[in-house]
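Undergrad: Pasting the sequence and the predicted coordinates here, then a few questions.
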Amino acid sequence: MVAIGLLNELEVVKTVDFGVYLDGGSQGEILMPKRYVPENCQVGDQVNVFIYLDSEDRLVAVTDHPRAMVGEFAVMKVVSTTPVGAFLDWGLPKDLLVPFREQQVPMEEGKDYLVFVYLDDESQRIVGSSKLDKFVDNLPVDYEEGEEVDLLIAGKTDLGYKAIIDNSHWGLLFKNEVFQPLKTGDRVKGYIKNIREDEKIDLVLEKPGYEKIDSIAQGVLNRLKESGNFIAANDKTDPKEISKLFGISKKNFKKAIGSLYKQRLITIEENGIRLAE
């Protein structure tokens, strides 16, 4: 069965001057326009295509990938507003409609918004929504502390950054634990720091506990080698300078240089750290 709004592996069943037709099963034959047809494509070949409705509401297959498929979130720019809603550039010839009823705030042309892409059950059209809470936290929380997850930064708050975890749950990165610039739409790796009794999830960008100290220590060693075996930073250096130099917190920096010192890989001097000879 063809999945609208997702990638499909379909067989070429007919070639015509303006493209090829693919076997869409119960949906019938689906046109892939000529500009998308791979070179030397023949009847019987399998092609990987994205399926959606064209401007005349006909199923069409393309080899382009949109910025987000059905079930995914992405930041997109509004290219126009009309009486039916806002149209966003999602990387395909036909722009993505966000109906007025699905706009968290009225969308404005030229501005970027984080939206969820879904398939409207009635029309079978792919549409977007900026009412993100409808599509997040609908599944039971099933994470373990320390687990690595994919994060999509959804916005900044007084406490830090809201993030969508694995396209499924809300989480929070506290601003005093973030040591790199972040903006809405950024995709980063993160870790589950804590799951509270109310199932709210706290996140961090560095693996909690001592498990990551080895990799952090290796990063400090690499930075030392790149800097001529000496860096003017030690446990008395300002945390902001530590973050700028190494991209980590001062707490983890102190653990790292302590570990390296115990292994006699570095010496700690009054004005910095030096690679041991």
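TA: Great, that's in hand. Numbering: from 1, shown residues only.

Undergrad: if I pick Lys240, what's in contact with it?
TA: Contact partners of Lys240, counting by Cβ atoms under 8 Å, 6 or more residues apart in numbering, are absent. (Glycine included, C-beta is placed from N, CA and C.)

Undergrad: next one: the helix or strand where it lies to chain centre, how far?
TA: For Lys240, the enclosing helix or strand under DSSP states H and E is helix 239-246. Centroid separation between helix 239-246 and its chain, computed with Cα atoms, centre = their mean, to the nearest Å, is 26 Å.

Undergrad: same question, stretch 188-196
TA: 15 Å.

Undergrad: for stretch 36-53, same thing?
TA: Taking Cα atoms, centre = their mean, the mean C-alpha location of stretch 36-53 is offset from the chain mean by 27 Å.

Undergrad: shaky segments in the chain?
TA: Filtered on pLDDT under 70, the chain yields the residue ranges 208-213.

Undergrad: could you pull out the helices for it?
TA: Taking DSSP state H as the criterion, the chain contains helices spanning 213-226, 239-246, 250-262.

Undergrad: Just say which of the ones you listed is most tucked in.
TA: Stretch with highest mean neighbour count among those: helix 250-262 (a mean of 18; mean count of other Cβ atoms under 10 Å).

Undergrad: what does that one contact?
TA: The contact list for helix 250-262 (Cβ under 8 Å, 6+ apart) reads 206, 210, 212-214, 216-217, 219-221, 233-235, 237, 239, 242-243, 246, 248, 266-268, 273.

Undergrad: repeat that with 10 Å
TA: The contact list for helix 250-262 (Cβ atoms under 10 Å, 6 or more residues apart in numbering) reads 177, 179, 206-207, 210, 212-221, 224, 233-235, 237-243, 245-249, 265-268, 273, 275-276.

Undergrad: With stretch 98-111 instead?
TA: By Cβ under 10 Å, 6+ apart, the list of residues contacting stretch 98-111 reads 76-88, 113-118, 120, 125, 127-134.

Undergrad: and those residues, which are buried?
TA: Of the members of the contacts of stretch 98-111, the ones counted as buried by neighbours, 16 or more other Cβ atoms under 10 Å, are 76, 78, 81, 85-88, 113-118, 125, 127-130, 132.

Undergrad: and the helices of the chain as a markdown table, adding distance to Glu11?
TA: What follows is those, written out as a markdown table (distance: least, Cβ to Cβ, whole Å):
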| stretch | distance to Glu11 |
| --- | --- |
| helix 213-226 | 46 |
| helix 239-246 | 53 |
| helix 250-262 | 53 |
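
Undergrad: out of the ones you listed, which comes closest to Ile4?
TA: Nearest to Ile4 among those is helix 213-226 (42.2 Å), distances taken as Cβ to Cβ.

Undergrad: list the helices and strands the closest one packs on?
TA: Based on contacts counted as 3 or more Cβ pairs under 10 Å, 6 or more residues apart in numbering; DSSP states H and E, the elements that helix 213-226 packs against are strand 230-231, helix 239-246, helix 250-262, strand 266-269, strand 272-275.
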